[in-house]
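Peer 1: Structure for this input, please:
(one chain, ligands or ions: 1)
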Amino acid sequence: MILRTAMKFASTSFNNSIKKSYNPMCPFLNKKLFKQNISCSYSIHHDLPSKVLELYEGIKMKDRYCLAKAITLVESIRKDHKTQAQQLLSLILDTRHERAKETGDSISTFRIGLSGPPGVGKSTFIERFGMYVLSQGHRVAVLAVDPSSLKTGGSIMGDKTRMPELSQQDNAYIRPSASHGTLGGVARNTNEALILCEAAGYDVCLVETVGVGQSETMVAEMVDMFVLMVPPAGGDEIQGLKKGIVEISDLIVVNKSDGVFASAAREAVTEYTSALKYLHPSSPFWQPRVIKVSAKTNSGLDESWKFMQDYYNIMKSSNELYKRRGKQRKLWMWRQITSELLDRLNSDKEIRNLVDELEQKVFHGEITSGIAADYVVDNFTHKYNVTKTN
Ligand SMILES: Nc1nc2c(ncn2[C@@H]2O[C@H](COP(=O)(O)OP(=O)(O)OP(=O)(O)O)[C@@H](O)[C@H]2O)c(=O)[nH]1
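Peer 2: As a prediction, this is how the structure comes out:
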């Protein structure tokens, strides 16, 4: 209650200060966008709704309730919510940008992706590993991208009950995967939720996913390090693993290396290590490693964290982390452009009718897909007076 009143007060005075002078929270956007007279929705910075400011203040004060509300806002498909979410995110980014200028350190958090087939022990590992990382003085957030929840409508992964001990900790925050929308949409929301978690002081963020379809690639494209968890089996099982997924992994963790699985786990480590020799590492600064752990007995957790920290330090000091995050941001921007354009195209009735008509012609082989696509894009751009560059 006291916290909320304080937040309300802080956000009111903050709002007033914003109104008095010209957009003080957004010097970068002032310079780069407004002065160049670029018309963009960021002009919404002028009159920020109190809801956005309250969430911003709450997140800064590490209030979990505000963080949860902010993530829900990011996940919402309502147009006004989308605008508010972008306002909140750009406030957070501006603050981060300013802080980085002061400290000279632009990256102070560690984003780790974790993937593996169902039943490999991801949630047991995250529960135990998360507790270990907390004991090292960090704050841990766990997010999930669960493609199966999109089909079933329920969230299977990332559920709090899968990590009962971790979810009780003050310094841990667990957020289940959204269970509506498309995989791309859910991944994009998770990407933005990461920014919110970091702003709320969670310096180690884990993003969990299962090895289905594109979800692993999408998660790899939003984290600093990608960890693949595999069962204690080799031979055919390794052959069956998608080569692409091993290729993008910075660390392979063979779980369940206890009891009857101990020797199979040792063999798996040897086999994965030799398989990695034939693959290109995703960075010239890091040779991917293979280690065995047992989430059940806690063995190998400290070693896993040590490898992860080695990776982080090497990638950060070589500036690779900075470049990687930059490339990822550009990639997500393009994803966003593509999906936004498609949304606009699909929501235009006239164009939608044209698409339906052309789809029939393409289906019956009356025209080529290429011609139909060109025709749709030409009509769309012409309608909105977009100049076509040749
Ligand atoms: N022996 C052994 N069993 C483990 C270990 N880690 C997990 N398990 C068991 O493996 C089973 C699956 O573990 P989960 O942690 O639920 O696996 P998951 O990958 O999260 O599975 P999904 O929820 O299907 O995505 C459970 O019965 C765990 O108790 C381990 O290190 N050793």
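Peer 1: is the strand or helix carrying A265 anywhere near the ligand?
Peer 2: In the assignment (DSSP states H and E), A265 maps to helix 262-277. No: if you take C-beta under 6 Å from any ligand atom as the test, helix 262-277 misses the ligand, and the best it gets is 9.3 Å. Just so you know, the C-beta spots here come from the backbone N, C-alpha and C atoms, and that holds for glycine as well.
Peer 1: tell me what whichever helix or strand comes after that helix is packed against?
Peer 2: Next helix or strand after helix 262-277 toward the C-terminus (DSSP H and E): strand 289-292. Here strand 289-292 touches strand 251-254, helix 262-277, helix 301-317, going by 3 or more C-beta pairs under 8 Å, 6 or more residues apart in numbering; DSSP states H and E.
Peer 1: can you tell me the average pLDDT over the second one?
Peer 2: Average pLDDT, helix 262-277: 88.
Peer 1: mind giving me the domain ranges of the chain?
Peer 2: Split into domains by automatic domain parsing, the chain comes to 2-103, 110-325, 348-383.
Peer 1: which of these sits most buried?
Peer 2: domain 110-325 (a mean of 19; mean count of other C-beta atoms under 10 Å).
Peer 1: What mean pLDDT does the helix or strand where I92 lies get?
Peer 2: Element membership of I92 [criterion: DSSP H and E] is helix 79-103. The average pLDDT within helix 79-103 is 89.
Peer 1: can you check stretch 128-137 too?
Peer 2: For stretch 128-137, the mean pLDDT works out to 96.
Peer 1: try stretch 324-335
Peer 2: Per-residue pLDDT over stretch 324-335 has a mean of 92.
Peer 1: pull the CA atoms of that stretch into CSV?
Peer 2: Extracted in CSV, the C-alpha atoms of stretch 324-335 (Å, rounded to 0.1, in the frame of the first residue of the first chain):
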residue,chain,number,x,y,z
ARG,A,324,25.4,-10.1,-30.9
ARG,A,325,22.7,-8.1,-29.0
GLY,A,326,22.8,-5.4,-31.7
LYS,A,327,22.4,-7.9,-34.5
GLN,A,328,19.5,-9.6,-32.6
ARG,A,329,17.8,-6.2,-32.1
LYS,A,330,18.0,-5.5,-35.9
LEU,A,331,16.7,-9.0,-36.6
TRP,A,332,13.7,-8.5,-34.3
MET,A,333,13.0,-5.1,-35.9
TRP,A,334,12.8,-6.8,-39.3
ARG,A,335,10.5,-9.5,-37.9
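Peer 1: from the chain's centre, how far out does that stretch sit?
Peer 2: Distance, stretch centre to chain centre, for stretch 324-335: 11 Å (C-alpha atoms, centre = their mean, to the nearest Å).
Peer 1: can you start the count at 213 instead of 1 from here on
Peer 2: OK, 213 is where the count begins now, so the last one is stretch 536-547.
Peer 1: Give me the residues contacting it.
Peer 2: Residues outside stretch 536-547 that contact it (C-beta atoms under 8 Å, 6 or more residues apart in numbering): 319, 396, 400, 403, 433-434, 436, 495, 527.
Peer 1: Pick out the most distant pair among those residues.
Peer 2: G396 and M527 (26.4 Å; C-beta to C-beta).
Peer 1: Enumerate the residues of this protein near the ligand.
Peer 2: Residues of the chain found near the ligand (C-beta under 6 Å from any ligand atom) are 328, 330-336, 369, 422, 467-468, 470-471, 506-508.
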